[in-house]
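Asks: need a 3D model of the following:
(one chain, ligands or ions: 1)
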Amino acid sequence: MTGVGLRGTSGKAGLLKNVQLFQGLSERQLQQIARLADEMDVPAGKVLARAGETGHEMFVIVEGQASVTTSQRRTLQLGAGDFFGEMSLLDGGPRSATVEAATPMRLLVIGQREFFSLLAEAPLISKGIMRTLSQRLRKADAAFSTCT
Ligand code: CMP
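Replies: Sure thing, here's the model as predicted:
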């Protein structure tokens with residue numbers, strides 16, 4: 001992986017402002033996340049999470065597209081402002097899907113310890129993650145019911 005630490009805290013905080021998950025946070029909270037997150041550029045084809053492996057970080061997409069291949073062999077696209085990798089951190093289980101960069105990508109990477117301190121510090125982030133998990137579960141259920 002290349003490009004780790006491209007930007008200072010205030011540059012990263014600027015990127016975070018455009019991410020739905022972080023909407024409504026104070027400037028101080030954005031600065032805090034920016035301090036905790038590493039910026040990373042990856043080429044197309046880079047596998048960022050592999051189904052079955054242990055996960056150590058969550059990713060927020062700043063630019064580019066990722067393909068998620070689920071255990072049901074469904075492929076979904078995630079883009080700027082989306083996040084992934086939160087499930088393994090939340091329940092300590094293996095990665096539920098394989099996530100690969102479909103284009104060159106710029107990401108913010110948040111390690112497990114930093115992830116939990118963010119959840120404790122900013123209930124809005126916990127709420128945003130739960131909302132997205134609910135939406136993904138609904139979509140997965142809807143897709144499953146059309147196959148059966
Ligand atoms: P995790 O299980 O840690 O690693 C793979 C990630 O893919 C997972 O976290 C989610 O962020 C993402 N993911 C898994 N299933 C879906 C889905 N059905 N829709 C969107 N994202 C998913």
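Asks: list the contacts of T132.
Replies: Residues in contact with T132 (C-beta atoms under 8 Å, 6 or more residues apart in numbering) are 21, 83. Every residue, glycine included, has its C-beta placed from N, CA and C.
Asks: Q31: neighbouring residues, count only.
Replies: 16 (other C-beta atoms under 10 Å).
Asks: tell me how far stretch 87-97 lies from the chain's centre.
Replies: 12 Å (C-alpha atoms, centre = their mean, to the nearest Å).
Asks: so who does the residue nearest the centre of the chain touch?
Replies: Centrality entry for the chain: nearest residue to the mean C-alpha point is F83, 2.5 Å, by C-alpha atoms, centre = their mean. Neighbour list for F83: 19, 21, 58-61, 129, 132 [criterion: C-beta under 8 Å, 6+ apart].
Asks: state the distance from the residue lying closest to G111 once chain neighbours are set aside to the ligand.
Replies: Spatial nearest neighbour of G111, excluding adjacent residues (C-beta to C-beta, 6 or more residues apart in numbering): E57 at 5.1 Å. To the ligand, E57 is 9 Å away according to C-beta to the nearest ligand atom, to the nearest Å.
Asks: what of R7?
Replies: For R7 relative to the ligand (C-beta to the nearest ligand atom), the value is 24 Å.
Asks: T9: neighbour count?
Replies: Neighbour count of T9, defined by other C-beta under 10 Å: 15.
Asks: hmm, L36 and it touching each other?
Replies: No - using C-beta atoms under 8 Å, T9 makes no contact with L36, being 9.7 Å away.
Asks: now, which of the contacts of F83 sits nearest F115?
Replies: Closest to F115 out of the contacts of F83 is M58 (5.4 Å), distances taken as C-beta to C-beta.
Asks: beta partners of that closest one?
Replies: Beta-bridge partners for M58, by DSSP bridges, are I110.
Asks: my read: it touches F84, true?
Replies: Yes - counting by C-beta under 8 Å, M58 touches F84, with 7.3 Å between them.
Asks: max-length helix in this structure?
Replies: Using DSSP state H, we find that the single longest helix of the chain is helix 123-147.
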